[in-house]
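Student: When you get a sec, could you give me coordinates for this:
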Amino acid sequence: MLVRGRPKAPYALLAVLSAALSVVSCSGGGPGGTNSTGALPLPHASHHHGTGGSSLIQHVVIIVQENRTFNDFFATYPGADATTIGCMKVPGGLRPMHNHRSSSSGCPSGDETVPLKPANLSEGCDFGHGYHGFLKNLDGGNMDGFGLFGGACHGKVKAAYQYVKPQQILPYTTIANQWVLADHMFQTQGSGSFTAHQDLIAGGTMLNVSQTLSIVDTPNSTPWGCDAPPGTITSELKYVPKSGNLQFLKDKGPYPCFGPSYTTLRDLLDAQSVSWKYYSPPVIGGEGVLWNAFDAISVVRYGSEWGTNVTDSNTQIFDDLTYNQLPAVSWVIPDRPESDHPDPGPDGDTGPSWVASLVNAIGQSSYWSSTAIIVVWDDWGGFYDFVPPPLTDHWGGLGFRVPMLVISPYAVKGTSSQGGYISHTQYEFGSILKFVEDTFNLGSLGKTDARATSIGDSFDFTQTPRPFQQIPSSRSRSYFMHKKPSTIPVDTE
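Tutor: Next up, the predicted model:
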């Protein structure tokens, strides 16, 4: 499969920033909660039932995996917007002024055409995937900087130009064959896991009323959140309306413990008495340390919901399913070995089996008839993808494509013999939040969820509910319930 010509995206802002990142000082924060950059008030909820939801769905389970582009997992999937050929900028190469593309490969003139290499799921290289790496991989929208800029590993500049062997992710392809695969889901921001996990609970990391200042990359110390050592600070992106540019403010942001003005989906859920839970694995130092998005939310970390709504065991969801305790909205965070993160540890990557065990547990429970399961990967992890993000915004996004799977009795049925459907709709993480907001009549956070297209078009609430089909996998639910937690952070970038 050859690379198509890439659509031109509005990348003037990012191209300028990539050429010269401007580091500017601003007042930093300190331990104690509220940030010093202004308040972002909770929007007034407009209680309407949007087109993205239905009263038939009473439970939404968001399963969050790690660090993969769409193309890295589904390069050879039939009918998907994918490729097995990449483009790589040549060291020191100069392009014509108008950046002509080769008609044969679709690559910018002067690029090297790189066949993507089939690779093992347990990739040994953890490629850079912070904001600088995003800009370099993006290369002004050319999508050809994955080799020379952050994608090299042990001197192998083409290491990021790969795709995972399909037989190693059979549970994912089986789900895609039966349910919904979205091939145009983009992460909210071109940044790493700290902000990505915030985006999945908050719809963005904006810090001020005018929404011109947002968190980017990781805090400068661990753990990430209210348990961070005193003096820990974050980095920011500042949008300058006069110039239309973004300024990267390294280590100039507040302490990573955000006060009540920093709103999340939890605020909307609690306001409407809708139950929720965040299933997170333990790591060294106690629950939430380093790897838990709600550890950065002061009203949760220091409130009664810490340890109840926010767990220190991601396998508790199995017990909650058994004892009819599944909340209306759930996030499920993996342990390191089951995360799909590169270099998962000595046992290899058990992520596909982990996801299959969760889907099977829900599908075989009384909750199946009323549940929507969403599987999404938090960021691109430095792996190659050829589709440029379709827009730029004030917060360093959109980022690159990541996979998304949707499983439900009301998932749109495709034309394949098994019923799989490929959604080509442009989604972002706010699309998931909008679906939750619409489903439970929550109103809107007024962040990226307000502009995003809901994933609701991946559902058909007029169809006869579809029966569950078990997802085969090499490891069972019992394996995950009885294995000892690794206590290793899932990611550190």
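
Student: any weak-confidence spans in the stretch 101-250 of the chain?
Tutor: 101-105, 149-152, 154 (pLDDT under 70).

Student: try 80
Tutor: In the predicted model, the stretch 101-250 of the chain carries pLDDT under 80 at residues 101-105, 123-124, 126, 148-155.

Student: So the nearest residue in space to A119 that is not next to it in sequence versus G124, what's the distance?
Tutor: Of all residues not flanking A119 in the chain, Q162 sits nearest, at 4.0 Å (Cβ to Cβ, 6 or more residues apart in numbering). Bear in mind the C-beta positions are built from the backbone N, C-alpha and C, glycine included. Applying Cβ to Cβ, to the nearest Å, the value for Q162 to G124 is 12 Å.

Student: Same drill for these two, tell me which one is more crowded.
Tutor: Neighbour comparison, Q162 and G124: the larger count goes to Q162, with 23 against 12 (by other Cβ atoms under 10 Å).

Student: show me the contacts for the more buried one.
Tutor: By Cβ atoms under 8 Å, 6 or more residues apart in numbering, Q162 lies in contact with D72, L116, K117, P118, A119, E123, F383, Y384.

Student: Tell me what it is bridged to.
Tutor: With DSSP bridges as the criterion, Q162 is bridged to K117.

Student: What is the neighbour count of the nearest residue to L391 once chain neighbours are set aside?
Tutor: Spatial nearest neighbour of L391, excluding adjacent residues (Cβ to Cβ, 6+ apart): L398 at 5.8 Å. Residues lying near L398 (other Cβ under 10 Å) number 26.

Student: In this structure L398 contacts S191, no?
Tutor: No: the criterion here is Cβ atoms under 8 Å, and L398 misses it with S191 at 11.2 Å.

Student: all strands of the stretch 351-493 of the chain, in order?
Tutor: 371-377, 401-407, 421-423, 427-428 (DSSP state E, counting those that start in this stretch).

Student: quick one, which of those strands is nearest to W179?
Tutor: For these, distance to W179 was read as Cβ to Cβ. The smallest value, 4.5 Å, belongs to strand 401-407.

Student: ok so, going back, next one: the residue nearest to L391 relative to R451, how far apart?
Tutor: To R451, L398 is 11 Å away according to Cβ to Cβ.

Student: P254 too?
Tutor: P254 sits at a distance of 25 Å from R451 (criterion: Cβ to Cβ).

Student: So between those two, which is more surrounded?
Tutor: Ranked by neighbour count (other Cβ under 10 Å), P254 and R451 place P254 first, with 28 against 14.

Student: Touching, that one and I233? I think so.
Tutor: Yes: using Cβ under 8 Å, P254 is in contact with I233, at 7.0 Å.

Student: And the buried ones among the contacts of Q162, selectable in ChimeraX?
Tutor: The following ChimeraX line selects those of those that are buried, judged by 16 or more other Cβ atoms under 10 Å:
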select :72,116,119,123,383,384
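
Student: Columns distance to H424 on top of the contacts of Q162, output as JSON lines?
Tutor: Shown next, in JSON lines, are the contacts of Q162 (distance: Cβ to Cβ, whole Å):
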{"residue": "D72", "distance to H424": "19"}
{"residue": "L116", "distance to H424": "21"}
{"residue": "K117", "distance to H424": "26"}
{"residue": "P118", "distance to H424": "25"}
{"residue": "A119", "distance to H424": "26"}
{"residue": "E123", "distance to H424": "27"}
{"residue": "F383", "distance to H424": "21"}
{"residue": "Y384", "distance to H424": "20"}
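
Student: Tell me the one among the contacts of Q162 nearest to K136.
Tutor: Y384 (12.8 Å).

Student: mind listing the strands in the stretch 151-300 of the chain by residue range?
Tutor: Assigned by DSSP E, counting those that start in this stretch, the strands in the stretch 151-300 of the chain fall at 162-164, 180-186, 213-216, 235-240, 245-249, 276-279.
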